[in-house]
Structure formats: structure tokens, C-alpha cells
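Novice: fold the following.
(one chain, ligands or ions: 1)
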Amino acid sequence: MRAIRFDRTGGPDVLELQDVPTPTPGPGEILIRHEAVGVNFIDTYHRSGLYPVPLPSGLGQEAAGVVEAVGDGVTRFKVGDRAAYAMGSPGSYADAKTLAEARAVHVPDGIDARTAAAVLLKGMTAEFLLRRAYPLKSGQSVLIHAAAGGVGQLLTQWAKAIGATVIATAGSAAKAEIARSLGADHVILYRDQDVAAEVRRFTDGEGVAVAYDAVGKDTFEGTLGSLARRGLFVSFGNASGSPPPVEALRLMRAGSLFFTRPTLADYVATTEELDASAAAVFDMVSSGRIRIAIGQTYPLAKAAKAHEALEGRHTNGATLLTLE
Ligand code: NDP
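Specialist: Below is the predicted model:
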């Protein structure tokens, strides 16, 4: 089978398409033949070395397809089942992958493989951020950075479905329009405008109850300055680089703030949590309350191009690798 692999960290050029043996599922494992592969910003962190992985390594955390073989003792899946997965050891940029059956989910009828591969990781991220890292309530104000991005589009729609007032940020006028079309009440062009000042203006000086910030370094100060008294800063990514260390006294001075730095892996740590989160996402999609826009697709062999686009801020919505 074909697989994207890398033996040193660096830019997109370290990614290589290789022919490798198709793995055989061990006890408790399944082999999924991929139909679509999800590209996520975290893949760029593995490739660059920001999140170190043992080398040489495969890449990618998300795909959907059909179960082609099962190992001894497998009970959740049978050959022919439609399945998807998100997170775990990198290696989804490939024609197929083996993984523990406990880490895969069934894809419901009515959700095709492209949609599943585009929505599972980003959707479960939106699910845990809006329902568990902070249980967002109707009427609250929320700040969502990079709202035209993959996770950002889902956060925006889901927060609106909850009934929150969404203040979104975007890197261009075109992306601001996307955020507005998804229901954002206010959009800040954060490359030009003062985020905290704009947020205060939109909230009558009060600030937001919760801010979701995966841009990291560039937005840290603006996010901190946007929170209401006792608000929560959710730092969940590093698209512009890692955020600076958080000084405890600054949290006090800024209004007895809370700060958390969650990762999806800890919110879908058990199979029960994984199934519940995936089911919530698929339900939001099936009921039409969230829609995943697949903004761009690339053939597997062009994975490096997908990374260049993602890191260059040229994408919107989800990015997929196709396997034709
Ligand atoms: P996106 O599609 O959101 O792409 C990243 C976006 O970030 C860009 O399109 C861009 O939007 C914005 N951005 C701002 N500054 C920069 C910069 N310097 N370089 C590149 N992009 C920048 O990616 P994903 O939806 O895959 O992921 C979004 C974020 O969520 C990532 O930081 C990711 O790591 C994080 N994440 C965290 C998870 C967790 O468990 N903690 C799980 C999943 C994702 P614009 O042009 O509008 O500025």
C-alpha cells in the first residue's frame, strides 16, 4: 500500500510517498481500508517536531473507510463495516491502517466517508470544547478564533446551535464572510483590529465568558484581554506558534480568570467517551445543525501541498486527502 512517511522533522518537503507492506491486524485490532483521510493542523506539529513522535513515522490522525480484516478477539467490528477514527498513533496518510478496535467508531448510514473523515476529529474537538471543557449556555458570549478554519467553522455553528452570542475572528475579509454565513454575530479581522477592544465594544465592556484560542502565540494577549470576570481561557492549539507561559498573577489581575490547555485525547480517553463524542458529532451533522465544508482536497501523494496550504493560511473548512 502507499503511505506518507518522514524520517526527519522539518518543512512539508520531509514528507515522502512510500510503498509499504499492508499491515495485518493483531489481537483486538482492525484493518481499515481508507476512503478519505482528514488533514489536521496537529499533523503539521508532528511533521515539524513541535509535538515529537518517534522517527521514522507515518503521519495523520484521521480517516474513514471500510473494515477489511479483523484480528483475534475483535467484537465491535466485522469485515465490511464502515468505520472512522481520530487521534492515536500517526499513520492515516495511507491507503489503510490497523488500530485497536476500541479506538474506532462506526459511521452511521447517511454519512459518507468524506464527511466522516472531514468531521470526526474537528467535530469531537468542538464537542468537548463546547460541552465539557466549558459547558456553554444559551445567552453567553463566546470568542472563537480562526472561525473560518476546520475546527473554527464547527465551533461557530455548534455555539450558535446552543444559543450563544458568537464573536469570531478571521484572517481575511473572505474568511470573515464565511464566519458570518455560519452564524457568527460579530467578526473581528484580527490581523488589523484590536481583538480585546472590539470584544469589549460588542459586549458592553463586559467581555466573553469563554474564549477558544488555537492560534496561540499571536492571539494570546488579545484573548486574555477579552475575558469577562471569572471567564475561561481555553488554549487548545498553536497555529501561529506556542503561547507564552501563563503567569498566575496575570490571571488574578485580569479578573480571577481560569485557564485550561486541553487536548481531545484526554476527552475521548475511554471507548465510552469516544463513542459518545462521535455520536454527538454525527447527530449534529445528520440533523443539519452543523455542516462540514470540505474546502480543499489533495491526492495522497500531494500531502505536502496540503500542509503548505494549511500553514500558509490558504485553507478554509476541512482539508481531505483522496486515495484514487
Ligand atoms: P485550521 O483550518 O483552523 O487552520 C488554522 C487556521 O489558523 C488558519 O487557517 C488561520 O486562519 C489561523 N492562523 C492564524 N495564525 C496563523 C499562522 N501564523 N499560521 C497558520 N495559521 C494561522 O486548522 P484545524 O481546524 O485543523 O485546527 C485548528 C486549531 O485547533 C489548530 O491550532 C489545532 O492544533 C487545534 N486543535 C486542537 C485540538 C486539541 O485537542 N487541543 C484538536 C484539534 C485541533 P486565518 O487565516 O483566519 O487567520
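Novice: how many other residues sit next to the nearest residue to residue 260 once chain neighbours are set aside?
Specialist: Using C-beta to C-beta, 6 or more residues apart in numbering and skipping the chain neighbours, the partner closest in space to residue 260 is residue 234 (5.6 Å). C-beta here means a position set from N, CA and C on the backbone, and glycine is covered the same way. Other residues near residue 234 number 23, with proximity taken as other C-beta atoms under 10 Å.
Novice: ok, residue 234 touching residue 134?
Specialist: Yes: using C-beta atoms under 8 Å, residue 234 makes contact with residue 134 at a distance of 6.4 Å.
Novice: find residues that contact each of the two.
Specialist: Shared contacts of residue 234 and residue 134, defined by C-beta atoms under 8 Å, 6 or more residues apart in numbering, comprise residue 210.
Novice: does the residue nearest to residue 260 count as helix, strand or coil?
Specialist: Classification of residue 234 using DSSP: H, G, I helix; E, B strand; the rest coil returns strand.
Novice: which bits of this protein sit near the ligand?
Specialist: 40-42, 122, 125, 146, 148-152, 170-171, 175, 214-215, 218, 236-240, 262-264, 310-311, 313, 315 (C-beta under 6 Å from any ligand atom).
Novice: which ones among the residues you listed map onto strands?
Specialist: Mapping these onto strands (DSSP state E) picks out residue 170.
Novice: inside helices: which ones of the residues of the chain next to the ligand?
Specialist: Among the residues of the chain next to the ligand, DSSP state H puts 41, 42, 122, 125, 150, 151, 152, 175, 264, 310, 311 in helices.
Novice: right, and the pair among those with maximum separation?
Specialist: The most widely separated members of these, counting by C-beta to C-beta, are 175 and 264 (23.5 Å).
Novice: nearest residue to whatever residue of the stretch 201-324 of the chain ends up closest to the ligand in space, ignoring adjacent ones along the chain?
Specialist: Relative to the ligand, the nearest point of the stretch 201-324 of the chain is residue 237 (2.3 Å; C-beta to the nearest ligand atom). Distances taken as C-beta to C-beta, 6+ apart put residue 214 closest to residue 237, at 2.8 Å, once the chain neighbours are dropped.
Novice: count the neighbours of the one you found for me.
Specialist: 23.
Novice: in contact with it, which residues?
Specialist: Residues near residue 214 by C-beta under 8 Å, 6+ apart: 41, 145, 146, 151, 152, 235, 236, 237, 238, 239.
Novice: contact partners for the most centrally placed residue in the chain?
Specialist: The residue lying closest to the centre of the chain (C-alpha atoms, centre = their mean) is residue 122, at 3.3 Å. Listed by C-beta under 8 Å, 6+ apart, the contact set of residue 122 reads 38, 40, 150, 151, 154, 292, 318.
Novice: one more pass at 6 Å, please.
Specialist: Residues near residue 122 by C-beta atoms under 6 Å, 6 or more residues apart in numbering: 150, 151, 154.
Novice: cool, residue 282 as well?
Specialist: Taking C-beta under 6 Å, 6+ apart as the test, what residue 282 contacts is 108, 111.
Novice: ok so it is a helix residue?
Specialist: Yes: the assignment for residue 282 (three-state DSSP) places it in a helix.
Novice: from the contacts of residue 122, pick the one nearest the ligand.
Specialist: residue 150 (2.8 Å).
Novice: surely that closest one meets residue 318?
Specialist: Yes: the criterion here is C-beta atoms under 6 Å, and residue 150 meets it with residue 318 at 4.7 Å.
Novice: go ahead and confirm residue 163 touches residue 140.
Specialist: No: look at residue 163 against residue 140 with C-beta under 6 Å: they stay out of range, at 8.5 Å.
Novice: okay, these two: which has more neighbours?
Specialist: Set residue 163 next to residue 140 and count neighbours by other C-beta under 10 Å: residue 140 wins out with 18 against 11.
Novice: now do the phi/psi pair for the more buried one.
Specialist: Backbone torsions for residue 140, taken as degrees, to the nearest 10, come to phi -80, psi 160.
Novice: for it, what are its contacts?
Specialist: 164, 209.
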